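Asks: sequence unknown, structure follows:
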C-alpha cells in the first residue's frame, strides 16, 4: 500500500500457507491479540465499509507481519477484518470521500458498556479514529493469502522506520 511496497510480488497466494492468520475475538483479551497483529496495518479509506443491514463493519488492510521480522525477511500480508453486531459507526479525523488516502492503524481497543455491549475504537495515526458501537464484541481477522516482502519496518516516531 505504501509507495515502497507497490509492485512487490506476492510470496504466496495460498491462505493456508506461510502462517496465515485466522483469529476471532469475543472479549477484550482476544481483541488485544488481534490488535497486536494489525499494529501498523495500512488501510485505504476505500477499503472499509459499514454494512448497516448486516450490522457489520469491514476493512481490508496491508498487515505488517511482525513475526516475519525475526526471520530477517519482513513481509506484509493482505487481510480482512470485520466486526459483527455493529449498531453505529463514527469516523473522526479523516475525509471518508478520499478513498485513496491510506491510514496507519495503531491499535484496536474495546471499552465495555452495559454487558455485553460496548465500543470498539480503531485508532490510526494523525489523530484519526473509528468508533463502533457494538451489541457485543465479535470480530474476525483473516489473512487473505497475498504476502510480499517489504524493505521497511514500521517505526514509531516517524511514518516508516529503518
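Replies: All right, it came through fine. Computed from a predicted structure; not experimentally measured. Numbers count the residues shown, from 1 in each chain.

Asks: all contacts plus neighbour counts: C-alpha atoms, from now on.
Replies: Fine.

Asks: what's the closest non-adjacent residue to the residue most central in space within the chain?
Replies: The centroid of the chain falls nearest to residue 38 when counting by Cα atoms, centre = their mean (4.7 Å). Closest residue to residue 38 apart from its sequence neighbours, by Cα to Cα, 6 or more residues apart in numbering: residue 63 at 5.6 Å.

Asks: Report the buried residues of stretch 65-73.
Replies: Buried residues in stretch 65-73, counted by 16 or more other Cα atoms under 10 Å: 65, 66.

Asks: Now do it: everything it contacts.
Replies: Contact with stretch 65-73 is made by 37, 74, 75, 76, 77, 149, 150, as judged by Cα atoms under 8 Å, 6 or more residues apart in numbering.

Asks: In JSON lines, list those along with secondary structure.
Replies: As requested, the contacts of stretch 65-73 are arranged in JSON lines below (DSSP: H, G, I helix; E, B strand; the rest coil):
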{"residue": "37", "secondary structure": "helix"}
{"residue": "74", "secondary structure": "coil"}
{"residue": "75", "secondary structure": "strand"}
{"residue": "76", "secondary structure": "strand"}
{"residue": "77", "secondary structure": "strand"}
{"residue": "149", "secondary structure": "strand"}
{"residue": "150", "secondary structure": "coil"}
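
Asks: out of the residues you listed, who's nearest residue 128?
Replies: Set against residue 128, the nearest of the contacts of stretch 65-73 by Cα to Cα is residue 37 (19.3 Å).

Asks: need the helices for the chain, in chain order.
Replies: 28-38 (DSSP state H).

Asks: Where in it is the helix or strand with the lowest mean pLDDT?
Replies: When each helix and strand of the chain is scored by mean pLDDT, DSSP states H and E, strand 10-12 comes last, with a mean of 41.

Asks: follow-up on the earlier one: the residue nearest to residue 38 reaches residue 80, doesn't it?
Replies: No: using Cα atoms under 8 Å as the test, residue 63 is too far from residue 80 to be in contact (9.3 Å).

Asks: Comparing those two, which residue is more hemmed in?
Replies: More crowded of residue 63 and residue 80, by other Cα atoms under 10 Å: residue 63, with 24 against 19.

Asks: one step back: highest neighbour count among the contacts of stretch 65-73?
Replies: residue 77 (26 neighbours).

Asks: measure the nearest residue to it once chain neighbours are set aside to residue 63 for me?
Replies: What sits nearest to residue 77 in space, not counting adjacent residues and going by Cα to Cα, 6+ apart, is residue 147, at 4.4 Å. Separation of residue 147 from residue 63 (Cα to Cα, to the nearest Å): 9 Å.
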